[in-house]
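> whatever this is, show me its structure:
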Amino acid sequence: MLGSMADGPHDSKGQPWLLYAWLILIIALLVLGIVSLPRIVRSIKESRMLELVQTHLAQKALVQNSPGGNLPVVSLVFPIPGTGSSYSFEVFPVRVAGNRIYHETVEALLAGPPREALAKGAVSFIPVGTKLIGLSISNRIVYVDLSKAFLELTTWGDTGAEGAIAQIKRTLRRFDGVRDIVILIEGSQLEENR
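Numbers count the residues shown, from 1 in each chain. Reported below is the predicted structural model:
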């Protein structure tokens, strides 16, 4: 008798609650994920981690696909206009020739957006004709001496003037170890000229 009961059908009345518990847990996790998704997306955008990953991947692709593969890659910052007077800065990797990497980076920035940046709608707030007079580094502070053309107003007005300063500072801050950037206009600190 015992043998026939063990081989017969099992009583499963107590088991459906386990299935329902799993279904409720899965549904709760899905709802929680959907509700928190906007916060997660906003946090990712604010952390600018995607920008860093994109820059790294672009630099890696540039190194692999470029005929001048042994030239150093630097990051230049250019604004991309948005709606109205808003804009956002984006980083673009470029190759520079020469052994004075900071100097070459500023020269490349003054030359304007590279082709890849132009394709994304990038512009430069730095007035055309601005020349690099000199660049020096002391105690991790970069001193950038520019020509007076840097002070000329562009079609961007005051936004462009502030943006030009931000563009230079953001580009130079991409280097490790830079503590501060001081912009000079033909030897005088920028704030004295404004």
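
> list the contacts for the residue positioned nearest the centre of the chain?
Among the residues of the chain, the one closest to the centroid is residue 51, at 3.8 Å (C-alpha atoms, centre = their mean). By C-beta atoms under 8 Å, 6 or more residues apart in numbering, the contact set of residue 51 is 90, 91. (Glycine included, C-beta is placed from N, CA and C.)

> name the helices or strands packed onto the helix or strand containing residue 144?
For residue 144, the element it lies in under DSSP states H and E is strand 141-146. For strand 141-146, the elements it packs on are strand 132-138, helix 157-172, strand 180-185, judged by 3 or more C-beta pairs under 8 Å, 6 or more residues apart in numbering; DSSP states H and E.

> let me know the pLDDT of the residue nearest to the centre of the chain.
Residue 51 is assigned 76 on the pLDDT scale.

> the one 4 residues further on too?
Listed pLDDT for residue 55 reads 72.

> so it makes contact with residue 75?
Yes: counting by C-beta atoms under 8 Å, residue 55 sits close enough to residue 75 to count as a contact (6.1 Å).

> can you list residues touching both of those two?
Joint contacts of residue 55 and residue 75 (C-beta under 8 Å, 6+ apart) are 91, 93.

> can I get the strand holding residue 144 in PDB? Just the C-alpha atoms.
C-alpha atoms of strand 141-146 as PDB (Å, rounded to 0.1, in the frame of the first residue of the first chain):
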ATOM      1  CA  ILE A 141      49.300  75.800 -14.100                       C
ATOM      2  CA  VAL A 142      49.200  76.300 -17.900                       C
ATOM      3  CA  TYR A 143      49.700  79.900 -19.100                       C
ATOM      4  CA  VAL A 144      48.300  80.500 -22.600                       C
ATOM      5  CA  ASP A 145      49.300  83.800 -24.200                       C
ATOM      6  CA  LEU A 146      47.000  84.700 -27.200                       C
END
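
> hang on, isn't residue 170 packed against residue 79?
No: counting by C-beta under 8 Å, residue 170 stays clear of residue 79, with 9.6 Å between them.

> can you name the element that comes right after the helix or strand bottoming out on mean pLDDT in the chain?
Least confident element among the helices and strands of the chain, by mean pLDDT, DSSP states H and E: helix 2-7 (a mean of 50). Next in sequence after helix 2-7, counting helices and strands by DSSP H and E, comes helix 16-47.

> pLDDT of that next one, averaged?
Averaging pLDDT along helix 16-47 gives 87.

> chain center to that helix, what's the gap?
Going by C-alpha atoms, centre = their mean, to the nearest Å, the spacing between the C-alpha centre of helix 16-47 and its chain's C-alpha centre is 29 Å.

> follow-up on the earlier one: could you tell me which residues touch both of residue 170 and residue 79?
residue 89.

> can you give the contact residues for stretch 119-136?
Stretch 119-136 is contacted from outside by 78-81, 90, 92, 100, 102-103, 106-107, 109-110, 112-113, 142-147, 149-154, 156, 159-161, 163-164, 166-168, 184, 186-187, using C-beta under 8 Å, 6+ apart.
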